[in-house]
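> predicted model and sequence follow; I will ask about them next.
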Amino acid sequence: MQYLELFSTEELLALAALDLEKEQLDRGLAKLKYLTKQSVVSDELDSMLGSVYAKLRLFNLAADHYALLLERTPSRLHERFQLGMVYREMNELEKAAECWDVVLKEDGTYPPVLFHKALLHLTIEDVSESKTLLNKLVATADSDNYYVERARNVLEDINLSESEPKPSTTAEQVH
């Protein structure tokens with residue numbers, strides 16, 4: 001990796017971003033780890049490392065890098081959303097919700113957070129809150145937004161499941 005010394009930090013970050021774009025995670029990660037070993041402190045470095053580690057399902061490492069970035073720059077909403085996604089994957093649902101609440105406090109109509117927080121509420125069987133979030137997403141996001149169609153589909157599924165007859169459990173109806 002001695003050839004990496006030829007490049008500036010900005011060049012290595014740009015080259016790593018291209019590698020990651022092409023799904024060449026090993027090449028991109030090598031450049032990012034080189035920068036880390038050089039004691040580079042950079043929001044973009046930690047953002048990319050968080051993303052790579054999440055793709056590799058190394059969630060503790062992903063969370064560490066997103067947290068480092070957010071300590072320096074708490075206003076980075078996308079990375080806070082991503083940290084929430086990492087926590088969700090780690091089954092730390094309260095931490096995920098906390099991250100997403102911070103994002104929604106800054107931008108109450110952030111589509112990815114509205115959608116994923118709605119799904120989180122479905123997993124804990126809070127259908128009412130889930131519907132509220134999904135309806136807010138559909139009402140506030142552009143109609144061609146990736147999450148709008150997904151939100152409509154989830155709302156349709158919820159409405160279908162609510163309209164299905166409930167199974168009876170009385171002994172009289174069972175026999």
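Good, I have the coordinates. Numbers count the residues shown, from 1 in each chain.

> what residue ranges in the protein score low on pLDDT?
1, 165-175 (pLDDT under 70).

> helices of that one, start to end?
Ranges of helices in the chain, per DSSP state H, are 9-21, 25-37, 43-55, 59-72, 77-89, 93-106, 111-123, 127-140, 146-163, 171-174.

> and the angle from the first one to helix 43-55?
This points to helix 9-21. Per axes from the mean of the first three to the mean of the last three C-alpha atoms, to 10 degrees, the angle that helix 9-21 makes with helix 43-55 is 20 degrees.

> buried ones in helix 9-21?
Neighbour-count burial for helix 9-21, counted by 16 or more other C-beta atoms under 10 Å, picks out Leu12, Leu13, Ala16, Ala17, Asp19, Leu20. All C-beta atoms are positioned from the backbone trio N, CA, C, and that covers glycine.

> out of those, which one sits closest to Leu133?
Leu20 (30.3 Å; C-beta to C-beta).

> pretty sure the closest one contacts Gly50?
No: contact criterion C-beta atoms under 8 Å: Leu20 and Gly50 do not qualify, at 11.6 Å.

> so what touches stretch 114-121?
Contacts to stretch 114-121, defined as C-beta atoms under 8 Å, 6 or more residues apart in numbering, come from residues 81, 84-85, 88, 93, 96-97, 100, 104, 127, 129-131, 133-134, 136-137, 141, 147, 150-151, 154.
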